[in-house]
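Undergrad: Sequence and predicted structure are below.
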Amino acid sequence: MADQAERTDRRERPGGAPPTATLAMGTEVAARVFPRDLRERLTHTVALTRQAPLSGSLTTPEARAALAETEILITGWECPPLTSEVLAHAPRLRAVVHAAGSVKPMVTDAVWDRGIVVSSAADANADPVVAFTLAAITFAAKGALSTAAGYSAGWPPFTERTGADARTIGVIGASRIGRKVMAVLKAWDANIHILLTDPYVSEAQATALGVERVDLPDLCRRSTVVTVHAPQLPETENLLSAEMLKLIPDNGTVINTARGTLLDTEALTRECEDGRLNAFLDVTHPEPLPPDHPLLHLPNVLVTPHIAGAQGSEVRRLGEYAVEEVERYVSGAGLRGRLHQAELHRLA
């Protein structure tokens, strides 16, 4: 159930008027995440302070006028940080519903200090990342990169179509994405052995997930496919270091859809240049890579420009999730994507 304070706020609204809400995100983002039918559905629950989203600075006179009336702020990509200066002009703000994934670039300590409820559509953004990761694992198992690179030299006979032995897969991080990846892999093939490293997962929890909990060196030594799903934290920087990468067996594959800082880019480059490892990288460090970076030109590496999350028609899922969250908030139901400050450091 929602907090008592939230219910009181709604009950005491004069005349039973609907709560006020404002969109704060890029104009093009709003058009894609909230197409006309979702915008109309939203207005059945809340009264929008303005039809166009707040885009750009939230400290302009126009933005401050809208924020002064806002009870629910619906944010998305390109929303600036909600600083104490911004919040000083939003005295009625009670909830932030983020129609995207991570709230870290936007939600500041000032939001938590005010007791503002925060929800994220990260669950809706997770499914496309899971699908991307599973596709990369499938490509690794089939040796798709090397086979594609050699296609022009002639059609390879069956005996030469040797992909990776993908029966042992190492998952770094039991995040919402990591857990979904493991669940689908187990459903796909009961013979797949999954190794997991995550300091927040106990042996009993790993057993319940149907995986083996190991430390990172053991995971790297035993896994032919290593997929990264840990959050970006000071302690996870270069988690896949040169030392760890050397432990991965020859012809192994590294998949990273989390954050580029979690692996040593130059060490991975050396391993891939030698042809010892393959890689599927949707995130890099730095991001973007310079055009002449070797990783962009190696036949055993596929680098994509941070597209694993919701793209194209998938972004509608974010809007649907956010609208449903607003409906739940206004009705007094519990929020599916509610976040708490204490857990934020463990999230992407």
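TA: Perfect, I can see it now.
Undergrad: Okay, helices next: where are they in the chain?
TA: Remark: helices assigned in the chain by DSSP state H are 4-11, 27-33, 36-43, 61-67, 84-87, 109-113, 122-142, 144-149, 176-188, 203-209, 216-222, 242-247, 265-273, 316-331.
Undergrad: And the ones you listed: which comes nearest Gly170?
TA: helix 216-222 (4.1 Å; C-beta to C-beta). For the C-beta atoms, the positions are set from N, CA and C on the backbone; glycine is no exception.
Undergrad: Please identify the buried residues of that closest one?
TA: Within helix 216-222, the residues that count as buried by 16 or more other C-beta atoms under 10 Å are 216, 219-220, 222.
Undergrad: Format those as a markdown table; extra columns: pLDDT and distance to Glu343.
TA: Compiled in a markdown table, the buried residues of helix 216-222 are given as follows (pLDDT from 0 to 100; distance: C-beta to C-beta, whole Å):
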| residue | pLDDT | distance to Glu343 |
| --- | --- | --- |
| Leu216 | 98 | 22 |
| Leu219 | 98 | 24 |
| Cys220 | 98 | 27 |
| Arg222 | 97 | 30 |
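Undergrad: thinking again about what came up before, the helices of the chain: lowest mean pLDDT?
TA: Out of the helices of the chain, helix 4-11 stands lowest, with a mean of 42 (criterion: mean pLDDT).
Undergrad: circling back: and the helices of the chain: which comes nearest Ile307?
TA: helix 122-142 (7.7 Å).
Undergrad: Now do the closest one: which elements does it pack against?
TA: helix 176-188, strand 225-228, strand 252-256, strand 277-281, helix 316-331 (3 or more C-beta pairs under 8 Å, 6 or more residues apart in numbering; DSSP states H and E).
Undergrad: Pull out the buried residues from that helix.
TA: For helix 122-142, by 16+ other C-beta under 10 Å, it's 122, 124-130, 132-134, 136-137, 139-142.
Undergrad: out of the helices of the chain, nearest to Leu339?
TA: Short answer: helix 122-142, nearest of these by C-beta to C-beta, at 8.5 Å.
Undergrad: separation between the residue lying closest to Ala122 once chain neighbours are set aside and Tyr200?
TA: Excluding its sequence neighbours, the residue lying closest to Ala122 (C-beta to C-beta, 6 or more residues apart in numbering) is Gly101, at 4.5 Å. Applying C-beta to C-beta, to the nearest Å, the value for Gly101 to Tyr200 is 19 Å.
Undergrad: can you check Thr227 too?
TA: 18 Å.
Undergrad: which of Gly101 and Tyr200 has more neighbours?
TA: Gly101 (22 against 9; other C-beta atoms under 10 Å).
Undergrad: Surely that one is in contact with Asp127?
TA: No - at 11.4 Å, Gly101 and Asp127 do not qualify as touching, with contact defined as C-beta atoms under 8 Å.
Undergrad: For these two, list the residues in contact with both.
TA: Residues touching both Gly101 and Asp127 (C-beta atoms under 8 Å, 6 or more residues apart in numbering): there are none.
Undergrad: burial of Pro35, as a residue count?
TA: 13.
Undergrad: ok, the residue nearest to it when sequence neighbours are not counted to Arg213 distance?
TA: In space, and not counting its chain neighbours, Pro35 is closest to Arg316: 6.6 Å by C-beta to C-beta, 6+ apart. Note on Arg316: its distance to Arg213, by C-beta to C-beta, is 37 Å.
Undergrad: do the same with Pro156
TA: From Pro156 to Arg213 the distance is 38 Å (C-beta to C-beta).
Undergrad: just Thr27 next, same as before
TA: 46 Å.
Undergrad: The two - which one has more neighbours?
TA: Each of Thr27 and Arg213 has its neighbours counted (other C-beta under 10 Å); Arg213 has more, 19 against 13.
Undergrad: Can you report how many residues neighbour the closest residue to Tyr329 other than its chain neighbours?
TA: Leaving out its chain neighbours, the residue that sits closest to Tyr329 by C-beta to C-beta, 6+ apart is Ala95, at 5.5 Å. Close neighbours of Ala95, defined as other C-beta under 10 Å, add up to 24.
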